[in-house]
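S.K.: Mind looking at a prediction? Sequence and model below.
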Amino acid sequence: MTETTTTNTATEPLLAIRDLEVSFTAAGGVVQAVRGADLTIYPGQTVAIVGESGSGKSTLAHAIISLLPGTGRVTGGSIVFNGVEVTRASASEIVAMRGKQIGLVPQDPMSNLNPVWKIGFQVKEALRANGIDASRATRSTLTSAMLHDELGVDVAPDDDDLYLGRKAKAALLAALRTAITAAQGAEAADAVVDRASSALRVGATTRSEVLTILTAAGLPNAGATVASHVKGADLTDRVAGLLSEAGLPDAERRAKQYPHEFSGGMRQRALIAIGLAARPQLLIADEPTSALDVTVQRQILDHLNGLTQELGTAVLFITHDLGLAAERAEHLVVMYRGKVVESGPALEILKAPKHPYTQRLVASAPSLASRRIQSAKAAGVVATDLLAPTAGEGPSGTADHVLSVANLTKVFRLRGARPGSHTDFTAVDDVSFEVQRGTTLALVGESGSGKSTVANIILNLIDPTEGKVYFDGTDMSTLGPKDLFAFRRRVQPIFQNPYGSLDPMYSIFRTIEEPLRTHRIGNKASREKRVRELLDMVALPQTTMRRYPNELSGGQRQRIAVARALALSPEVLVCDEAVSALDVLVQAQILTLLNDLQAELGLSYLFITHDLAVVRQIADRVCVMQTGKVVEYATTDEVFDHPQRDYTRELLEAIPGSKLDVFGNASA
Amino acid sequence: MAWYIGRRLLQMIPVFLGATLLIYFMVFALAGDPIAALGGERGLNPAVAAQLREHYHLNQPFLVQYLLWLKGLLTFDFGTSFSGRPVRDVMAGAFPVTIQLAFVALFFEAVFGIAVGLVSGLRKGKLFDSTFLIVSLVVIAVPVFVIGFTMQFLVGVKLGWLPPTVGGNVNIRTLLMPGIVLGSVSFAYVLRLTRTSVAENMTADFVRTATAKGLTRRRVVTVHVLRNSLIPVVTFLGADLGGLMGGAIVTEGIFNIPGVGNTLYHAIQQSEAPTVVSMVTVLVMVYIFANLLVDLLYAALDPRIRYA
């Protein structure tokens, strides 16, 4: 596949991977993770590798900077970066290349910063290790090369490249204050100085920019003053500068904090600052935002995009999200089982996928345009009576709302610094909604919006501070221990992480059978029969029951979690981010399964998610939560077509691929 | 932080009272009459025995004896031993010896345990690692007195490199071998703890990120792996220090060291309540302080831990 989609056709490729093979030695033998992959990146180009987990995309990326984990080895092919054969480079050559020429922004911001060192220290290390001159702006290699080509001369260091230091900033602001106070009075000076202060970023603003800002602010004789003060930044200044370039507000103070004092988004910005600290020519961004909320994800990607374009950095973007890849990269590479199955311009691949895997990927990509999944079995429901606690059978006669929540409030008491002192944190604030029998209500919001707290209250795992939960018209707070035990039969949870929610020591049979045994249902033979039925229901072979969770894939495990939840024939399933951890194809399968089961068994779902694209596929009504409050509550179509709140609109816009035509036209 | 330390110090009061009462009761309940034992085969003059009982308050009820002892404690009067020496002097002789011994042991287990553990962790599964895993297993499995007598015989008597016993001659040279014997088991634990911790941290995401920054392997290991790996190890060492201060009865016996262990052993044999209770009380206090120190050290090493 020889294809170039950028303007840099004439130049040599920055990175050329040919027939790369990577394998891991496991107990059972050799596992090939990458099988003959080709990849070309030109200077300044953004290329995205798309594929599901296990497709070898991360392994490929790690091979480039020789960071293969454990027993991973390059067993064939070549990786040529800037004319250097990486697979045969010495250890010191590779150390010299890392950071300085190839930067990495890793996947999970929570685990990729060392918890015991301050953020500033960790950024400073990247500068020091690569011998970066912190005092002035480094021109990227691409920019220098272009300057060199166009002008035919080597460009000498220019003093206008010098960064503003923190002392210089203080001195300049003082000079500005004096000048403005003399001319316009103290009040005007305050406003002018404040504005200049936020425009001047220590370690990031260069001398020429400082001059522009101060001249605009009205500093007389700015040229001479600036020249005499701005002498370049030290390492500490530059660290703050890098962090503020990565979009971290108040960077000077933040640099002195530890990772645990940062939110996920802020940590990812710090990791971007580290990745770009030495101004590498290639930045590998390995699922840089998959652990973040959609709105934060968009801000960070926008920022990263702007930054790399400004610096002329080539980006290798790794993601499992096709919409995201198409939005962010001009060139797409689709990987499947260690092989590159398709490669070409992003839009072309989306419009006319050639390989069957890509076709499936495009078809199952959730987007704004997709509609509620219509169950194939919806028309002719033939459910066995044994399994069907179907609609209308509610004992209390209030068949309409199987679950309703009224004015739910949960206040957590946080312990203060002194004994006895505390602050109240309202996680859930006056939330009310109803779930109609046989339908799905989606509870949507960013992390911290209180949606999981609501789920835990409904599952009766924590008590609300105020408000009531009614299940089939019964007030849950009045239930005694016995009734509560009976209630748990009727409401079952499915959790986010299928790796964590199944006991690794339990066989699949024992996992699914456990709730039946706990509630003393049937005898050994009938329970086994029931487990077999449940496995059929979730479309897994009955032989699965002899296996253990570690022998199953993420999608299979989530099916087991569904089977376990269905074992007691519940009426309501609470799905807390039940598909968020899964690849798109698997996600689509599980959503279809849940949908079929709903039609078949008359189940009601409370579906908790941060992903609006999923909501569109499964939900009948949507309840949008923000900081503990319900901000929007309407049918799915209303929310998507006529969002009432800015917050909802923001969430909708943040869905990857929402601005691409391809998905918009391909309505189901 | 100040609140936290204050609360922890206040918690010591009930621990102190409870521990001393318990120990006092146990010594009191020991079988036999200590005064009668003093007289040996011939027995004491009844008048002298009565006077001694009066002097040591042995004719008083248990609770009164305990309260009298507590009262003396307020003025740093720990009572007198049966030999007539003030208990304060007995302790002043024994504790410095044991403190020296404890620090020799601690130094040995910390330095060698961490060094060997680090190398093992970095070379997990290689020859060096396997060798020291077996060595540490042997050290843990074999009782201390076997290691003690073996080393005393080989190093002290056969080879004559180090003095085989300490006696009255307490210095670093004589304490070296007992210190190593005393620290041997903890050395094995420190080694294993460091090894596991290092091996685990080597695969941590933040170590990969540090490598990707362009840091040398040496810097990645010292700055990003070692500090994180030391958190559990330091906790262990701190707790161990409390144990080393009081628990060396076997080692002190083998090498004839006039330390806390030896003194306490003899005092228990003679049912000397004031000596036993006073020394054990000091040990309990040392243990509590060592624990507090560990908790504070933990917070210093790991910025995520904040006490309030």
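M.R.: Great, that's in hand.
S.K.: only C-alpha atoms for contact and neighbour calcs from this point on.
M.R.: OK.
S.K.: measure the residue sitting nearest the centre point of chain B to A:Lys167 for me?
M.R.: By CA atoms, centre = their mean, the mean C-alpha position of chain B lies nearest to B:Leu244, the distance being 1.7 Å. Counting by CA to CA, to the nearest Å, the separation of B:Leu244 from A:Lys167 is 52 Å.
S.K.: what do you get for B:Gly72?
M.R.: 63 Å.
S.K.: repeat for B:Leu122
M.R.: 44 Å.
S.K.: Neighbour count: these two, which is higher?
M.R.: It is B:Leu122, of B:Leu122 and A:Lys167, that has more neighbours when counted by other CA atoms under 10 Å in any protein chain shown, with 19 against 14.
S.K.: excluding its backbone neighbours, what's nearest that one?
M.R.: Nearest non-adjacent residue to B:Leu122, counting by CA to CA, 6 or more residues apart in numbering or on different chains: B:Ala199, 6.2 Å away.
S.K.: Over to A:Ala171?
M.R.: Here the residue nearest A:Ala171, using CA to CA, 6+ apart, is A:His229, at 7.6 Å.
S.K.: Which residues of the stretch 251-400 of chain A lie near chain B?
M.R.: Within the stretch 251-400 of chain A, the positions near chain B by CA under 8 Å from any CA of the partner chain are A:258, A:260, A:274-275.
S.K.: Nearest to A:Val80, out of those: which one, please.
M.R.: The nearest member of these to A:Val80, counting by CA to CA, is A:Gly275 at 20.7 Å.
S.K.: What score does the closest one have for pLDDT?
M.R.: On pLDDT, A:Gly275 comes in at 91.
S.K.: Could you check how far it is from A:Gln101?
M.R.: Counting by CA to CA, the gap from A:Gly275 to A:Gln101 is 10 Å.
S.K.: So if I had to pick from these two, which one is more boxed in?
M.R.: With neighbours defined as other CA under 10 Å, A:Gly275 and A:Gln101 compare such that A:Gly275 has more, 28 against 22.
S.K.: Quick check: which element contains that one?
M.R.: Per DSSP states H and E: A:Gly275 is located in helix A:264-276.
S.K.: packing partners for that helix?
M.R.: strand A:102-105, helix A:119-129, helix A:235-245, helix A:294-311 (3 or more CA pairs under 8 Å, 6 or more residues apart in numbering or on different chains; DSSP states H and E).
S.K.: counting contacts, what elements does the shortest one pack onto?
M.R.: Just to be clear, that refers to strand A:102-105. Strand A:102-105 packs on helix A:264-276, strand A:282-286, helix B:205-212, going by 3+ CA pairs under 8 Å, 6+ apart.
S.K.: okay, those, which one's buried deepest?
M.R.: Mean neighbour count (mean count of other CA atoms under 10 Å in any protein chain shown) peaks for helix A:264-276 among the helices and strands packed on strand A:102-105, with a mean of 26.
S.K.: Can I get that helix in CSV, CA atoms only?
M.R.: Coordinates of the C-alpha atoms in helix A:264-276 are reproduced here as CSV (Å, rounded to 0.1, in the frame of the first residue of the first chain):
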residue,chain,number,x,y,z
GLY,A,264,-7.9,13.1,35.1
GLY,A,265,-8.1,15.8,32.4
MET,A,266,-5.4,17.9,34.1
ARG,A,267,-3.1,14.8,34.4
GLN,A,268,-3.5,14.1,30.7
ARG,A,269,-2.5,17.8,30.0
ALA,A,270,0.6,17.2,32.2
LEU,A,271,1.4,14.1,30.2
ILE,A,272,1.0,16.0,27.0
ALA,A,273,3.4,18.6,28.3
ILE,A,274,5.8,15.8,29.1
GLY,A,275,5.4,14.2,25.7
LEU,A,276,6.0,17.5,23.9
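S.K.: Which residues does that helix contact?
M.R.: In this structure, residues lying in contact with helix A:264-276 by CA atoms under 8 Å, 6 or more residues apart in numbering or on different chains are A:99, A:103-106, A:109-110, A:112-113, A:119, A:122-123, A:126, A:242-243, A:245-248, A:259, A:283, A:288-289, A:291-292, A:296-297, A:300, A:304, B:213.
S.K.: mind checking how far A:Gln558 is from chain B?
M.R.: A:Gln558 is 26 Å from chain B, where distance means CA to the nearest CA, to the nearest Å.
S.K.: Could you give the separation of the one helix or strand that residue maps to from the chain centroid?
M.R.: Take DSSP H and E as the rule and A:Gln558 turns out to sit in helix A:554-566. The chain centroid and the centroid of helix A:554-566 are separated by 23 Å under CA atoms, centre = their mean, to the nearest Å.
S.K.: The helix or strand following it pairs with which strands?
M.R.: Following helix A:554-566 in sequence order, the next helix or strand is strand A:572-576 (DSSP H and E). Note on strand A:572-576: by DSSP bridges, its sheet partners are strand A:491-494 (parallel), strand A:604-609 (parallel).
S.K.: hmm, back to that, hang on, the residue nearest to the centre of chain B packs against B:Phe107?
M.R.: No. Using CA atoms under 8 Å, B:Leu244 makes no contact with B:Phe107, being 11.8 Å away.
S.K.: circling back to that earlier point, quick check: phi and psi on the residue nearest to the centre of chain B?
M.R.: phi -60, psi -30 (degrees, to the nearest 10).
S.K.: Now do it against chain A, distance only.
M.R.: From B:Leu244 to chain A the distance is 29 Å (CA to the nearest CA).
S.K.: So which other helices or strands are in contact with the host helix or strand of B:Leu296?
M.R.: Under DSSP H and E, the secondary-structure element containing B:Leu296 is helix B:273-301. With contacts taken as 3+ CA pairs under 8 Å, 6+ apart, helix B:273-301 sits against helix B:2-29, helix B:87-122, helix B:227-246, helix B:260-269.
S.K.: In it, which residues are buried?
M.R.: By 16 or more other CA atoms under 10 Å in any protein chain shown, the buried positions in helix B:273-301 come out as B:273-296, B:298, B:301.
S.K.: quick one, what contacts the residue nearest to B:Leu122?
M.R.: B:121-122, B:124.
S.K.: Out of the residues you listed, flag the one nearest to B:Arg218.
M.R.: The closest of those, once distances to B:Arg218 are taken by CA to CA, is B:Leu122, at 11.4 Å.
S.K.: What is the three-state secondary structure of the residue positioned nearest the centre of chain A?
M.R.: Compute the mean C-alpha point of chain A, and by CA atoms, centre = their mean the closest residue is A:Ser290, 2.2 Å away. Recorded secondary structure, A:Ser290: coil (DSSP: H, G, I helix; E, B strand; the rest coil).
S.K.: my read: it touches A:Gln107, true?
M.R.: Yes. Using CA under 8 Å, A:Ser290 is in contact with A:Gln107, at 7.1 Å.
S.K.: Point out where the chain drops to low pLDDT.
M.R.: This is for chain A. Filtered on pLDDT under 70, chain A yields the residue ranges A:1-10, A:28, A:139-159, A:291, A:365-399, A:415-420, A:657-668.
S.K.: right idea, wrong chain: chain B
M.R.: Checking chain B against pLDDT under 70 turns up B:30-34, B:36-41, B:247, B:307-308.
S.K.: Let's see that with 90 instead.
M.R.: B:1-96, B:99, B:124-125, B:143-145, B:151, B:155-175, B:203, B:227, B:231-232, B:234-308 (pLDDT under 90).
S.K.: Near chain B, which residues of chain A? Just list them.
M.R.: So far as CA under 8 Å from any CA goes, chain A lies against chain B at A:65, A:67, A:69, A:95-100, A:103-104, A:106, A:111-116, A:125-126, A:129-130, A:258, A:260, A:274-275, A:416-419.
S.K.: Now, of the residues you listed, which are buried?
M.R.: Buried among the residues of chain A next to chain B (16+ other CA under 10 Å): A:65, A:67, A:95-100, A:103-104, A:106, A:111-116, A:125-126, A:129-130, A:258, A:260, A:274-275.
S.K.: Contacts for stretch A:526-542, please.
M.R.: A:509, A:512-513, A:516, A:521, A:544, A:556, A:559-560, A:562-563, A:566-567, A:593, A:597.
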